[in-house]
Structures are given as C-alpha cells and as structure tokens.
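Novice: show me how the following folds:
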Amino acid sequence: MLKTPPLQTATATIDTLCGRLQSATLLEDRRASILGLRSFAKQYPASVASGSLRELISTLRRDGLGEKGSKDERGRGGDEGTGDVDTIRLVLETLLMLFNPDSESPEAGDEIAFFMADEFSMRQDNITLLLNLLDPTSPYADYYSRLYSVQLLSAICVSRPERLQECILSAPLGVSRLVGILDDGRDAVRNAGLLLLVDLTSGANEDLRKIVAFEDVFGKVFAVIETEGGLADAGITAQDCLSLLANLVKGSASNQTMFRESGCVAQLAKLLQQAFPPSEPEAAFTAQNRHKSAFGLLQLLKLFLITGESSTPQNQTAFFRAGTAQILIDLGFERRIPVPIRTAALKGAAELIANNAPLQEAFAALTVVVLIDTAPSSMSSSQQLNGSRSAGPSTKGSARPSAERPRTYIIEALLDTTLDQPQEDYVLRSATCDLIQAYLIKHDRIRVHFLQRAISGHADQEDAANVLATLSQPEGDAIGISFASWIVQDLIADNIDAKSMLAAVKEGNESEGEDVLSFIQALGSELEAALQQAVDVRKLAAYAGLLAVFLWEFAAGIDDLLAEGSSLVQALANTTKAATADAVVVGLSATLLGTIYEFSTKDSAIPRRTLAPLLTQKLGRTKYLDALVELRKAPAVRDFDLMEAGDADKMLCTSFVDLFSIEYSRLRKTIDKDPGIEVLPSSAVEAGVDRDVLDDLRQQLQTSTDALAQAQERSVESGQKHEQERMTLAKELQTASAEVDRLRRINQAMQQGHESELEKVAAQHEQQLQGQRAEHQRALASTQQDSQRQVQSAVRETQDSFAARIQDFERRIAEIGNVHRTEQSGHANTRQQLESLTATHTELTSREKSVSAQFADLSQKHSRLEKEHTELRASSSQATAELELVRQESEAHSSTLERLNVQLAELQDELKGKEEELATERAGFADLEKELEAAKSGTAPSAGEAKTAGGDSEEVEALEREVKEAKEGEKAAKEELESMLLVMGDIEAKRDLYREKVKELGGEVTEDEDDDEEEEGDGDEEDEEEGEGEVD
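Specialist: Numbering: from 1, shown residues only. Sure thing, here's the model as predicted:
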C-alpha cells in the first residue's frame, strides 16, 4: 500500500521556494517561485525576507529591468537582455507585502520593516534601481511599477529616513524623478509621490529641501491643488500639498525667496480667497475639507512671518501688496467661518504688519464688513475714533465685494470686537486685541495719535469703543477691561510724553457735583475697590499691571496717586500680607508697592520716610520678597512666552511681563534702600529746577571747563618743554658715558694685554734661566772634573816637560770660567729688567683701579643728575674734566710704552756686546787650535825616536781632548746665545702685537720708533749672519 506523504510545513515550503528561486535558470521557474513566495509574504514575512530578499532584489534587476551586467550574490550573471514588466510587478508586490505584513501574523513586527529598509538602503544601487523605475521615459515605467516603487520608497523612508535622503541625493536625477511624479496624470501615483515628498522633506536637511524647491515644486503643488478643484474639492490632497509647502519653507530663507520670486505669493492669496464659504449651501464634507485646508493655508502663511527672521520684512511686504491683509481681516470678521479659522486669520494679519512701520500705516486704511446689529453706533458719522475713521458702505479694498453690507475702518471694528462684544468667543477677542497691539508696536507716531484720539473721544463721551472709557467702567466686562489695560500699557510703555498726556486726563463732572479725579487716581480707586471686593482676578491684574507700568519711572504720577492714595497703599499692604490670596494678586500688589516706594520723594503726599515703615514693619521684608518670588513662579509669568494668544491663563500684558522680568532685581532691592535717598527717574531729572539757576550753573560749568582746558594745555606745554630738556641732558650724559666706557674698554684691553704678555715672558724667562743654569752647572762640573783628572795625570807623567803648558791651559780654563760667570751676571741683569717690567705693570694696574674709581664716581654723579635736573649741566662739565684726566693718563701710558721700547733697545745693545765677547772667545779658540797643530807638528817622532817619544804622544792626545772639550763649551755657549736671541725675538714680536692693539684701541705710535726698530732688527740680523759666518 502507498503511504500518505508527510504534511509539508509553511517554513519548509518557503525554504524550497527560496532555493528554487536561487537555482532556477529559466524565467518561468523563477516567476513561479516568486508567485509562491508572494502567497506566503503576508503571513510569514520574516521567513520570506530572511531567505529570499536579496534574491528578489537581484531578480528585479536581472529579469525585470534586463540589466545584462548584473550579478546575484552567487556571481550568476543574467542571461536575458530584455526586461519583463510582469516580473517587476510580482517582485514589487512581494516586497510591499513584506513591508506591510498581516497584523495577526505570528512573525509580524517592526523589526522586519527595519531589516528590509536596511537591506535596501545599505547599497546605493538598490535605491537607484527604484528611482529608475520612476523615469517616465523608461519602457518599464508602467502604472504598477511607478506606484509600487513610490510605495516601497515611502516604506523605506518610514524606517530609515536619513539614509534614504542620502541615497536620493547621491543618485543621479534622484530628486528630479521624485518631483516629476507630481506631473503624473494618474491620481494614485501622484498622491503616493506627494506623500513620499512630504515624508522626505519633514525634518530633512537644508540641501535636500533646496534641491526639491529648485525643481519648480511650488508651481507643481499649486497646479495639483487647482487640478483637484481648489481648497474645498481637493480635500486631503490639498492638505498634503500644503504640508509639503510648509516643510520646504519652514526656516529656509532661500526657499522663501524662491517662493516669492516664482510668483507663488499671488497664487497663495488666490487660494486664501477660496476659504470663504459660497453663497449657496454646500455639503458638510465639502465645508469640512475647505475649513481644514484653509486652516493649513493660514499656518503656512505664518511660516513666512516669523518675528526676527531676516526674510520676514520682505515676506510681509510681498504678501501685503498681494492683498493678503484685506483677505485675512475679511476672514476674521466672516461669521459663517468657524472661530479657529477666524482667529488664525486675525493672528496672521497681526504677524503680517508687526514691526513694519509702512505696513502699519497702510493697515489703518483698510475697511471691513460688519453686521448692522453689531456695527458701532457712530459709523454713520465721519468722526475718527482711536486713530480710525468710520466709512460708509463701500467695497473698496474688500476681498469679497458687498454692495449692501456696511463697512467700517479696521481699527474701529477691532476695538468694537475687543471691548464691546462680550458675546464673542474669548479666543477671537484675544486675536483682535493682538492685532491692535501689532498695529501699535514700535511705532511712536501711531501710538501718540491713537492715544490722542482715545483721550478726545473719552473727553467728548462718545459712544464708540474706547479703551479709556472701558477702564473707567469697572462694572463692565472683565475681559474687555483686561484687553483695554493691555492696549493702554502698550501705548504708554517707555514713553514719558504719553504718560504725561494720559495723566492729564480728568474723571468726573464738576458741574454735576462729582469729584474730579485724575486718571491715575481713578485707576487707583478702581484697584482699591477691586482689592476690597475680591472681584475677578483678571480685572484686578488689569488695573494693577497698568498702574505698575504707568508709574514706573514717573515721579509725577507717583505724587498724583499718593495725593489720594493712602487707603490704596494700605489695601496693597494688606493684600500682600494675606496668606490666602492668589499668588498673582499678591505679587502684583507687592510690585505696585515697590514701584511706589522706589520713585516716591520727600515731597510726595506720603513721603518716603512714611512709606518705609509701612513696608519694613507692617508688611515685612520677608513677605514682600516672598510675594515677588511667588509672582515670578506663577504660570502667568513663568509660562508667559509659551502661552498662545487666546489662552485662558494669560492675564498679563507683554509690557508688564517684560518690565517685571527686567526690573525684578531692582524691585527686590527697593525695600533695603535708605528712605533718605531718593531715586530720580528720567522723568524727574528736569522737574522743579529754575531755568535761570540752571543757566548760571551751566555757564559756571563752561567757564570752569574752559579754565581747566587752558590749564591742561599749559601743563602739556610745560611737560613737553621739560621733557625736551631732560632728553637733551640725557643725550649729553649718554655721550659722556659712552666716551668713558670707550676709554675704560681701552684700559681694560691694555691691562689684559700687559698682564698676559708679562706672564708669558716671565714664565718663558724663568724656564730658560733654570734650564741654562742647570746645564751650565752640569757642563762646568764635568769640565772641571775632567780637567783636574787630565791635568793631574799629565803632571805626573810629564811633570818636567810640559809644566809651563799646563799652567797656560789652566789660565785659559779660568778665563772660560770668567766668561761663564759674566754670562750668569747678564742673566741676573735680565731678571732685574723683568722685575722692573712687573713693577711697571703693577703701576698700570693701580692706575686702572683709580680710573675705575673715577668711573664709579661718575656713575654716582649720573644718579644725582637724574634726581636734580638743575645740576645736570655742572655734573656734565665735571664729567668732561674727568674725561680729560683719563685722556692724560692714556698719554702717560703711551710714554710708558716708549720707555719700554728704550729698555728693549738697551737689551739689544747688551746682546751685541755678548756677541762681540763670543767672537773674541772664538778667536782665542782659533789660536789654541793653531798652537795645538804646531805642537803636533813639532813633536812628531822620527823612525828612531818612536819608542822614546811614546810618552809625548799621550800628552798630545790629552791636549787634544782638552781642546775638544773647550770646543764643546763654546758650542754650549753658542746655543745659549741663540736661545737668548730667540727670546728677544719673541719679545719684539709681542711688542709689535702690543703696538697693534694700541693702534686698534685708539692709541698713537710714532713712525720714527717703527723705523728705528726695523733698522735695529736689520742690524741684528746682519750681526747674526756675520757671527754664523765666523763660527763656520
């Protein structure tokens, strides 16, 4: 029987299909494998992706696109040369199923999407492959290939957006092909490409956004919206288009400039007009799409109007010229539009004109349609209220023409909505208040004009909305009072003239028996009543914040308030001290108390010395500081910058928050200030000063200033003259010092040369004398011993025949000894001369020390010259005299040098005498030789007498030895003479060197001395040559 085959599991089937896809050689087999894998992709995405993802990508490249040079992971090259559209579709569908598996699958998870995205994005050619499928000119770019490729790129972008952005930037024509999808006529492909661009540009780097904008994407996006039927009919497509535009222009000045220059501002304004509802009824979903798109369009507009950006002024001008401001205010006052869109439109109008003076001025001329029942009662008149003027029915400047509905100027309509329309939504009223504040910000001329119109309207008791009238009616709407307080704070902040104008306003009709109060006193009364009745915190914050801004650095206002404000001060102190009160109320009370005490004076109705105990004793320093700290920690101040317009927690104005944040430290230090020290603000600097007294003081100050300037000029001239004299004396002293230094260097050089030469000459002479003495003693001793032995033997042998000759030889030997003694006496004389030279050197050394002492004296004089300038000239003359003494000493040195030359000449004469004595000795030796020869010839034996004359021959030989020894003594004397000549030559060489050094150091040597020395040297050389010839 046949056995039932085992059941095949899904995992085994997937492995089989993966192996078949890898090993199949026919296209039909690979396509069948892909169909099988596609059927498992939804339920088993992890198994399919891990086993076949790379092979699917290789199949897409090889079989789908027909790339001949492509190879798979095993190095197997493609054998087909043409692509297959069906294979592309199958592979892309399988890959999409892997990115989006069934949520109920056991293998489903985010890890699969990350794995797929990493596998695609790790290789650039994989992304390039998908981008090539988006090329409209490609033969494989059919509907499904483009759609699935875009969807695959979107799936990769969700998991790995940064890596995909890098791959698209690196791919050739990558961005162009993505943007080109917006031109596709098939909605599904175009919408998928639009979503992909939205995902790519969301958080993308600046380079990618610039390249996308450069591909004319702005015009294509507006074309898509228009093709789809505008804001209402485009629906979600329009919203995606607006998201793409927002991603491109957000924080990119270059893209915003390209948006303006490409004419898209007018297209955006045209789209904005489509936000108005039609006159005929429309479907609910159509109206909903219109509202969503309009809100997104308004948010896009805000990205061009961010405060502080460099491109914001150009954007404001471009949009205002395109009529955007009129469209925005019309949207804001269109009651058929939801409140969030109306609020966003009014906020956009505020940002459109903020901090731009030309646009603020032009904005006041715009008009807006208002309902008859809510129109200001005075709009039929031609009066101008709060900086605006009512207008009759007109369609001029309107974004939506209306021939029957009345129109009024925008400022009047904004004031009416902000102050007199309590039935309106709070968010809308806050937006209108922000628009008024944007109209006033940083434009002093508009602020003054607005305040003047408000004061005049309040004085005439007109029925139109007026900020001063609203503040004077405490029983009115708390929100309206708060907004009026904010507007007035912006009008008077940091403007002393505006504060003075407002302080002059009077409240009360004296003719009707009412008390007349100043506007500041009226505000103080309203605040006091609010503190005592525990009314709405918003109303109390409005009055307290306005007074704090009003009275800051306004001493006249402080005096005005304190004139009727003793009970107010007590109420503020009690509120600050209360433990159960709201932190904002307590903090505002402490702030106002600190402001009053900071700028009060002793002339105030309640002097500073009276206010100080109230703060320090009744209230207490700790309570005061804690109240300020609690206000700073309160969300109304702490989170003020994070609050949006219309936030219910926003109770304070920007002017007050900025003032409190900047002056917080000053408010804390106020309570510690001495009440006797007054702080005069800028408003009180000129107050209470007599002009005549002021002019006299200014004249005295100018006179003193001129006298001081003249004294300074004289001082400068005297200082310059004194400096010149000091520099002249210093230069003279420097010259004298330089001369002294030069002479000192000459003396030092001479001293060093003398010392070194004398030491060398003394050492050489000592060595030579010791050597000669030892040699002479040895030679004399040996000669005497030998002569005595020879004489004794000769006497014993030839006592009779040669006694006379022996005596004669002894006499001559004695003469030779005398000669030696004479030479020794000459050496003694030379030593004495050396000692005299040493004494001369010692004398020169002592003179050099005296010169050094004189130089030290000059240095002391130099220090005294620096301290007393009047004695500089006398000291300089003394230095000159001492310099002359030094020069005389230098001349004395020159005379000493001449004396040394004379001594050297005497030594040379002595040497000549010794040479003559040597010549005489030589002649005596020659006579002895002659006698010896004669003796030899006279005593020659004959043939018969040879035996009898043996004794005589021995005597002759003894005489020859004596003659030989005498010659050796003569030779030794000659060598000694030559050594002495060498010593004298060294002395002469050193003398010449010494003269050269004297010449180098500035000394003088006469030419006669040089010539005499040369002649003496020539004579010595001739004598030496004659002596040598005689010896020879």
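Novice: leaving out chain neighbours, which residue sits closest to Gly235?
Specialist: Asn289 (4.5 Å; Cβ to Cβ, 6 or more residues apart in numbering). Quick note: C-beta positions are derived from backbone N, CA and C, even for glycine.
Novice: so what's the one you found up against?
Specialist: 231-236, 238 (Cβ atoms under 8 Å, 6 or more residues apart in numbering).
Novice: show the pLDDT at it.
Specialist: Confidence at Asn289, expressed as pLDDT, is 87.
Novice: how far away is it from Gln832?
Specialist: Note on Asn289: its distance to Gln832, by Cβ to Cβ, to the nearest Å, is 137 Å.
Novice: please enumerate the strands of the stretch 351-500 of the chain.
Specialist: Per DSSP state E, counting those that start in this stretch, the stretch 351-500 of the chain carries strands over the ranges 367-369, 384-385, 388-389, 407-409.
Novice: quote the end-to-end distance of stretch 665-678.
Specialist: 18 Å (Cα to Cα, to the nearest Å).
Novice: ok now that stretch, how far from the chain's centre?
Specialist: Between the mean C-alpha point of stretch 665-678 and the mean C-alpha point of its chain there is a distance of 40 Å (Cα atoms, centre = their mean, to the nearest Å).
Novice: list the buried ones in it?
Specialist: Burial within stretch 665-678, assessed by neighbour count using 16 or more other Cβ atoms under 10 Å, is assigned to 667, 670-671, 675, 678.
Novice: quick one: the helices in the stretch 651-800 of the chain?
Specialist: 654-662, 664-670, 691-797 (DSSP state H, counting those that start in this stretch).
Novice: okay if I get these as a markdown table plus mean pLDDT?
Specialist: What follows is the helices of the stretch 651-800 of the chain, written out as a markdown table (pLDDT from 0 to 100):
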| stretch | mean pLDDT |
| --- | --- |
| helix 654-662 | 92 |
| helix 664-670 | 91 |
| helix 691-797 | 80 |
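Novice: nearest to Met984, of the ones you listed?
Specialist: Counting by Cβ to Cβ, Met984 lies closest to helix 691-797 out of the helices of the stretch 651-800 of the chain; the figure is 10.7 Å.
Novice: give me the contact list for stretch 312-319.
Specialist: Contacts of stretch 312-319 (Cβ under 8 Å, 6+ apart): 256-257, 260, 265, 268-269, 301, 304-306, 325, 352-353, 356, 358-359.
Novice: filter those residues to the buried ones?
Specialist: 256, 260, 265, 268-269, 301, 304-305, 325, 352-353, 356, 359.
Novice: is it possible to get CSV of those that adds distance to Gln43 and pLDDT?
Specialist: Converted to CSV, those look like this (distance: Cβ to Cβ, whole Å; pLDDT from 0 to 100):
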residue, distance to Gln43, pLDDT
Gln256, 49, 92
Arg260, 53, 92
Val265, 53, 93
Leu268, 48, 93
Ala269, 53, 93
Leu301, 48, 94
Phe304, 50, 93
Leu305, 52, 92
Ala325, 59, 94
Leu352, 56, 94
Ile353, 61, 94
Asn356, 62, 92
Leu359, 63, 94
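Novice: surely Arg608 is in contact with Pro675?
Specialist: Yes: at 4.2 Å, Arg608 counts as touching Pro675 under the criterion of Cβ atoms under 8 Å.
Novice: out of the buried residues of stretch 665-678, who's nearest Gly203?
Specialist: Using Cβ to Cβ, the buried residues of stretch 665-678 come closest to Gly203 at Leu667, 43.3 Å.
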